[in-house]
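J.: coords below, sequence missing:
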């Protein structure tokens with residue numbers, strides 16, 4: 001890298017959650033310096049090289065040809081440069097270059113170019129991961145996560161898995177009024193067991209296309225979860241379902257933070273009181289900073305009007321957390337309250353209630369969201385599924 005624009009692009013892209021496993025080693029220079037460096041050693045699987053400023057198209061193509069003769073067959077090259085020329089782009093692709101990005105470029109453009117190299121064309125597109133977390137106890141986070149999961153299964157006809165990760169005190173099975181096997185602990189203990197028949201063996205079927213991985217719900221169970229095991233489980237579940245909903249516990253630890261940062265979408269459920277204001281602001285500050293290239297978190301202000309005194313107004317809540325609520329849900333005894341007491345979903349009990357309409361609107365946000373590119377989990381640890389740069393070049397000759 002030679003320019004500030006290229007350096008900033010690479011730094012922003014590799015700070016993103018999608019590439020956090022990839023090790024980045026920066027070296028000064030362009031194609032000539034890369035050729036000199038790898039003349040005596042094996043080149044890495046991926047090279048990001050900046051074209052030298054002021055070099056014409058023919059000279060640049062010649063430099064890329066010379067670099068190809070030096071690099072290993074499995075190396076993929078992404079070239080950065082300022083020349084915005086269609087002929088150059090086509091010639092670079094003919095030479096086997098994986099992609100060419102014109103500077104300045106948005107970080108997501110580079111991220112997508114890298115992920116494309118690690119995509120397994122034989123796998124079906126990975127499902128979306130939606131992490132739900134409550135700002136404090138009593139926010140109705142588990143209820144909301146279960147209702148959104150039910151709506152997604154109904155609206156999309158895609159398989160939806162709700163994973164209750166509050167191991168000692170999880171209540172998703174109660175929200176669904178379901179006696180389910182303790183599936184979530186089974187997969188965390190042995191995540192390699194997840195296969196096509198896993199959902200049938202270890203989950204409870206709530207409804208058509210909707211499955212629950214229930215928590216043990218016992219005070220004898222440790223609340224801690226292995227971050228590595230959770231990551232492996234989520235990656236496997238994404239290949240089995242269109243949506244994976246993580247119902248996270250109200251504890252703050254490394255694995256909870258990791259789950260929030262690496263999810264495709266995050267929902268923070270809060271109620272309008274001072275403790276929730278403080279906790280929500282802390283969470284949102286972290287999420288907005290750590291997920292700079294993602295859509296902002298979804299903030300649901302729940303149970304409005306439940307407290308007779310001391311309730312923070314919506315305007316004051318938004319000002320205090322510096323974030324406008326995406327959705328507000330009023331306390332409605334004949335809506336969510338009645339549904340919960342009957343062990344049913346609110347749209348089954350009061351389809352036209354404000355809560356039912358709000359939940360449908362929340363689920364619709366994820367239905368309309370573009371599906372994430374598959375291969376997020378593989379980008380840092382696996383091998384590129386696209387043929388190497390030199391291999392593609394040799395195939396053309």
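T.: In hand now; what should we look at? All of these numbers come straight from a predicted model, not from anything done at the bench.
J.: please count neighbours and contacts with C-alpha atoms only from this point.
T.: Will do.
J.: those helices in the stretch 251-397 of the chain, which residues are they?
T.: Assigned by DSSP state H, counting those that start in this stretch, the stretch 251-397 of the chain shows helices spanning 254-262, 274-290, 314-321, 338-342, 346-349, 354-367, 389-396.
J.: switch those over to JSON lines; also include mean pLDDT and mean neighbour count.
T.: Shown next, in JSON lines, are the helices of the stretch 251-397 of the chain (pLDDT from 0 to 100; neighbours: other C-alpha atoms under 10 Å):
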{"stretch": "helix 254-262", "mean pLDDT": "95", "mean neighbour count": "19"}
{"stretch": "helix 274-290", "mean pLDDT": "95", "mean neighbour count": "16"}
{"stretch": "helix 314-321", "mean pLDDT": "96", "mean neighbour count": "16"}
{"stretch": "helix 338-342", "mean pLDDT": "78", "mean neighbour count": "16"}
{"stretch": "helix 346-349", "mean pLDDT": "85", "mean neighbour count": "18"}
{"stretch": "helix 354-367", "mean pLDDT": "92", "mean neighbour count": "18"}
{"stretch": "helix 389-396", "mean pLDDT": "49", "mean neighbour count": "17"}
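J.: turn these into CSV, columns for distance to residue 37.
T.: Shown next, in CSV, are the helices of the stretch 251-397 of the chain (distance: least, C-alpha to C-alpha, whole Å):
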stretch, distance to residue 37
helix 254-262, 35
helix 274-290, 34
helix 314-321, 50
helix 338-342, 65
helix 346-349, 64
helix 354-367, 46
helix 389-396, 17
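J.: quick one: which of these is nearest residue 145?
T.: With C-alpha to C-alpha, the closest approach to residue 145 among those belongs to helix 354-367: 9.6 Å.
J.: hang on, the earlier thing: nearest to residue 229, out of the helices of the stretch 251-397 of the chain?
T.: Using C-alpha to C-alpha, these put helix 254-262 closest to residue 229, at 9.8 Å.
J.: now do the strands in the stretch 151-300 of the chain.
T.: 160-164, 204-207, 210-213, 243-247, 265-270, 298-304 (DSSP state E, counting those that start in this stretch).
J.: would you single out the least confident of the ones you listed?
T.: Note on these: lowest mean pLDDT is at strand 204-207, with a mean of 90.
J.: helices and strands around that one, which ones?
T.: strand 210-213 (3 or more C-alpha pairs under 8 Å, 6 or more residues apart in numbering; DSSP states H and E).
J.: what are the buried residues along the strand it packs on?
T.: Along strand 210-213, these residues count as buried under the neighbour rule (16 or more other C-alpha atoms under 10 Å): 210-213.
J.: can you put the residues you listed in CSV and add distance to residue 363?
T.: Listed next are the buried residues of strand 210-213 as CSV, based on distance: C-alpha to C-alpha, whole Å:
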residue, distance to residue 363
210, 14
211, 16
212, 17
213, 20
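J.: so which of those is the closest to residue 33?
T.: Residue 33 has its nearest neighbour among the buried residues of strand 210-213 in residue 213, at 52.6 Å by C-alpha to C-alpha.
J.: residues contacting the closest one?
T.: Neighbour list for residue 213: 161-164, 180-184, 202-204 [criterion: C-alpha atoms under 8 Å, 6 or more residues apart in numbering].
J.: beta partners of it?
T.: As for beta bridges, residue 213 partners with residue 163 under DSSP bridges.
J.: how close does it sit to residue 172?
T.: Per C-alpha to C-alpha, to the nearest Å, residue 213 is found 9 Å from residue 172.
J.: one more: residue 367?
T.: In terms of C-alpha to C-alpha, residue 367 sits 22 Å off from residue 172.
J.: so for residue 116, what's the pLDDT?
T.: pLDDT recorded at residue 116 is 88.
J.: buried stuff in the host helix or strand of it?
T.: Per DSSP states H and E, residue 116 falls inside helix 107-117. Residues of helix 107-117 classed as buried: 107-108, 110-111, 114-117 (neighbour count, 16+ other C-alpha under 10 Å).
J.: again, but for stretch 48-66
T.: Applying 16+ other C-alpha under 10 Å to stretch 48-66 flags 48-52, 57, 60-61, 63-65 as buried.
J.: re earlier: immediately after the helix holding residue 116, which helix or strand?
T.: Using DSSP H and E, the next helix or strand after helix 107-117 towards the C-terminus is strand 128-134.
J.: contacts only, for residue 336.
T.: Residue 336 neighbours (C-alpha under 8 Å, 6+ apart): 345-346, 355-356.
J.: closest to residue 282 among the residues you listed?
T.: For the contacts of residue 336, the minimum distance to residue 282 (C-alpha to C-alpha) is 26.7 Å, reached by residue 355.
J.: if I pick that closest one, what's in contact with it?
T.: 329-330, 332, 335-336, 346.
J.: can you list the buried residues of stretch 48-66 in CSV and add distance to residue 192, pLDDT and secondary structure?
T.: Shown next, in CSV, are those (distance: C-alpha to C-alpha, whole Å; pLDDT from 0 to 100; DSSP: H, G, I helix; E, B strand; the rest coil):
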residue, distance to residue 192, pLDDT, secondary structure
48, 34, 94, strand
49, 37, 94, strand
50, 40, 94, strand
51, 43, 93, coil
52, 46, 90, coil
57, 50, 92, helix
60, 47, 93, helix
61, 46, 93, helix
63, 45, 93, helix
64, 42, 92, helix
65, 43, 92, helix
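J.: between which two of these is the distance greatest?
T.: 48 and 57 (18.4 Å).
J.: end to end, how far does stretch 337-345 reach?
T.: For stretch 337-345, the first-to-last residue distance is 10 Å (C-alpha to C-alpha).
J.: give me the contact list for that stretch.
T.: Stretch 337-345 has contacts (C-alpha under 8 Å, 6+ apart) with 147, 150, 174-177, 336, 346, 348-350.
J.: so who does the spatially most central residue of the chain touch?
T.: Taking C-alpha atoms, centre = their mean as the criterion, residue 264 is the residue nearest the geometric centre of the chain, at 2.7 Å. Residues near residue 264 by C-alpha under 8 Å, 6+ apart: 128-131, 294, 372.
J.: buried subset of the residues you listed?
T.: For these, a burial check counting by 16+ other C-alpha under 10 Å picks out 128-131, 294.
J.: for those residues, which one is nearest residue 225?
T.: Taking C-alpha to C-alpha as the measure, residue 225 sits nearest to residue 131 out of these, at 15.3 Å.
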